[in-house]
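*Asks:* Build me a structure from this.
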Amino acid sequence: MIIYCSGIGGIGLSAYAALQHAAGVVVRGSDKSDSALVQDLRGQGIEVFLNQDGTHVTADVDLFVYSEAVPPDAPERKKAVELGIEQQSYFHALGVLSEPYDVIAICGTHGKSSTTAMAAKVFVDAGFDPTVVVGTKSPDLGGRNWRKGKSNLFIVEACEYRRSFHFLSPDTVALTTVDGDHFDAYGSLEEYRAAFVEFLGRLPEGRPIVFHGSDAACGAVVQASGHPGVDVDASALPELGVAGEHMRQNARLVLGLAAQYGIAEDVARESLKGFSGTWRRMETKGTRADGVTVIDDYAHHPAEIRASLQGIREAHPGRRIVCVFQPHTHDRTLKLYKDFLPVFKDANIVVMPNIYAARSESDGGQVDFAAFIADVAKGSGIEVVDGGGLPGTLEWLRKALKPGDVVITMGAGDVASLAPKIVGMSA
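*Replies:* Numbering: from 1, shown residues only. You can find the predicted model right below:
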């Protein structure tokens, strides 16, 4: 069998491609640019093309799997239609791959990646030998976003964007939060939460949902699903190698999952003590000679920003925190506008380079960037600076950083590219 993956460098599809390759399937694919993930796939023996004009999609391909970022009119998808090749989205293909397993699905608005990575560590340490797919790279998975195990257990991060998780067949679910997001794909918060109820409805009868009982919205979703809920709030907070109340709450969910599979609590707690975080989740990128610490974080939703900054403040008390925040899409910024305003209080100063227009075709309007900066400054009670794009932001930091500062690059766009450059600046 030959599988062709279009958009193979994506954080999800790259894991799927690697798992299929590890199972002995011939895999090849393409992406629009080179990356560390692409280079890792090549190192495994997977052929990756950086030309997506359709010439690499050939008649010997049995299955064409595409990233959500690849539209129907993309040359490679059109070529697959022309050749009569079966097409599946990444999550459709992942659902087919994982369906025979006992699937632990971790879903929710925030914390999915960290919770999945924690669960993977605990179940591996407990000898369960699971297969894993997670939306970030984890040191506990050898710096990768996947693991091929030999058991019948499959731990997967279940993404709700465009209802992608409806392709999965979960046997146990951990639910983090249902605050609401992706309003380019959902018409309202009610519609968003209804998608979770429908996903939970895919559980076999009597199978559990692990969640925080103190979260009323999660409780309502669990109740509406008709499946039993396992409230983990009574568990003592685990010790972790990373800071942040949100990380400890994620770890509580993992303790609940572990208990469902008969893992002794002391074994799970000991494993969690060694959890040191993941790629782009409060990830320390380096400390310069002048004591400036540079951290990179994926947070782009107001609740995530608040939680990450609280964790960074906890880990670095008394230091000046400079947050370089890049809002992700005009649509999200407009729909959550008021929620963004007060969440930067744990920073001392915020620099915004621009708004990352990832899905401009679905943006319902344009943010007044100057007004947004002024409103965040007022709402959070701190100074907020217009960085004037990524190059301008880098120049501002070059002049403004002080010895001992903590700098965090934050967002789901290309703001992450600044972190290594800040580390490399001369002190």
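*Asks:* who touches the longest helix seen in the chain?
*Replies:* Longest helix of the chain, by residue count under DSSP state H: helix 245-260. By C-beta atoms under 8 Å, 6 or more residues apart in numbering, the surrounding residues in contact with helix 245-260 are 104, 106, 110-111, 114-115, 118-119, 122-123, 126, 172, 174, 176, 208, 210-212, 230, 232-233, 235, 237-238, 240, 265, 267-269, 272, 275, 307-308, 310-311, 314. Bear in mind the C-beta positions are built from the backbone N, C-alpha and C, glycine included.
*Asks:* So which bits of the helix or strand just after that helix are buried?
*Replies:* Once helix 245-260 ends, the next helix or strand along the chain (criterion: DSSP states H and E) is helix 265-273. Buried residues in helix 265-273, defined by neighbour count with 16 or more other C-beta atoms under 10 Å: 268-269, 271-272.
*Asks:* just those now: which is nearest A22?
*Replies:* S271 (24.0 Å; C-beta to C-beta).
*Asks:* contacting residues around that closest one?
*Replies:* Contacts of S271 (C-beta under 8 Å, 6+ apart): 121-122, 125-126.
*Asks:* between those, which has the most around it?
*Replies:* Within the contacts of S271, neighbour counts (other C-beta atoms under 10 Å) peak at V122, which reaches 29 neighbours.
*Asks:* So which of the contacts of helix 245-260 belong to strands?
*Replies:* 104, 106, 172, 174, 210-211, 230 (DSSP state E).
*Asks:* Mind putting those residues into TSV with pLDDT and neighbour count?
*Replies:* As requested, the ones in strands among the contacts of helix 245-260 are arranged in TSV below (pLDDT from 0 to 100; neighbours: other C-beta atoms under 10 Å):
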residue	pLDDT	neighbour count
I104	98	26
I106	98	31
T172	98	22
A174	98	30
V210	98	27
F211	98	26
V230	97	18
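*Asks:* Show the subsequent helix or strand relative to the helix or strand hosting H21.
*Replies:* Element membership for H21 (DSSP H and E) is helix 13-22. Per DSSP H and E, the first helix or strand lying C-terminal to helix 13-22 is strand 26-30.
*Asks:* quick one: strands adjacent to that next one?
*Replies:* strand 2-6 (parallel), strand 47-49 (parallel) (DSSP bridges).
*Asks:* Now do the contacts for L63.
*Replies:* 1-4, 85-88, 93.
*Asks:* Who wins on neighbours among those residues?
*Replies:* Highest neighbour count within these: Y4, with 28 neighbours (other C-beta under 10 Å).
*Asks:* Tell me the bridge partners for it.
*Replies:* Beta-bridge partners, per DSSP bridges, of Y4: R28, F64.
*Asks:* So it is in contact with R28, correct?
*Replies:* Yes. Using C-beta atoms under 8 Å, Y4 is in contact with R28, at 5.9 Å.
*Asks:* joint contacts of the two?
*Replies:* H56.
*Asks:* that older thread, mind putting the ones in strands among the contacts of helix 245-260 in CSV, distance to I295 included?
*Replies:* CSV is the format used below for the ones in strands among the contacts of helix 245-260 (distance: C-beta to C-beta, whole Å):
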residue, distance to I295
I104, 29
I106, 24
T172, 33
A174, 26
V210, 29
F211, 29
V230, 33
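*Asks:* on that earlier part again, identify each buried residue in the longest helix of the chain, please.
*Replies:* So helix 245-260, judged by 16+ other C-beta under 10 Å, has buried residues 246-259.
*Asks:* And for stretch 72-80?
*Replies:* Neighbour counts using 16+ other C-beta under 10 Å place 74-77, 79-80 of stretch 72-80 among the buried residues.
*Asks:* Just send the strands paired with strand 26-30 back as CSV, with distance to V343 too.
*Replies:* Listed next are the strands paired with strand 26-30 as CSV, based on distance: least, C-beta to C-beta, whole Å:
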stretch, distance to V343
strand 2-6, 36
strand 47-49, 38
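*Asks:* okay if I get these as a markdown table plus mean pLDDT?
*Replies:* Shown next, in a markdown table, are these (pLDDT from 0 to 100):
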| stretch | mean pLDDT |
| --- | --- |
| strand 2-6 | 98 |
| strand 47-49 | 98 |
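*Asks:* Q223 is nearest to which of those?
*Replies:* With C-beta to C-beta, the closest approach to Q223 among these belongs to strand 2-6: 38.9 Å.
*Asks:* Other residues contacting that closest one?
*Replies:* 13, 16-17, 20, 25-30, 52, 56-57, 60-67, 70, 74, 76-77, 80, 85.
*Asks:* Only the buried subset of these, as a PyMOL command please.
*Replies:* The PyMOL selection below is limited to those of the contacts of strand 2-6 classed as buried (16+ other C-beta under 10 Å):
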select buried, resi 13+16+17+20+26+27+28+29+30+52+56+57+61+63+64+65+66+67+70+74+76+77+80+85
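*Asks:* Closest one of the buried residues of stretch 72-80 to V415?
*Replies:* Nearest to V415, judged by C-beta to C-beta, of the buried residues of stretch 72-80 is A74 at 26.2 Å.
*Asks:* contacting residues around that closest one?
*Replies:* For A74, the contact set (C-beta under 8 Å, 6+ apart) comprises 6, 52, 66.
*Asks:* Quick one: those as JSON lines, columns for distance to R163 too.
*Replies:* Shown next, in JSON lines, are the contacts of A74 (distance: C-beta to C-beta, whole Å):
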{"residue": "S6", "distance to R163": "21"}
{"residue": "Q52", "distance to R163": "26"}
{"residue": "Y66", "distance to R163": "16"}
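*Asks:* Report all helices and strands that the strand ranked longest in the chain contacts.
*Replies:* Identified as the longest strand of the chain according to DSSP E is strand 131-138. On a contact count with 3 or more C-beta pairs under 8 Å, 6 or more residues apart in numbering; DSSP states H and E, strand 131-138 meets helix 13-22, helix 90-98, helix 112-125, strand 144-147, strand 153-157.
*Asks:* Please repeat the previous calculation with a cut-off of 7 Å.
*Replies:* Packing partners of strand 131-138 (3 or more C-beta pairs under 7 Å, 6 or more residues apart in numbering; DSSP states H and E): helix 112-125, strand 144-147, strand 153-157.
*Asks:* Now do the buried residues in that strand.
*Replies:* In terms of neighbour count (16+ other C-beta under 10 Å), strand 131-138 has its buried residues at 131-138.
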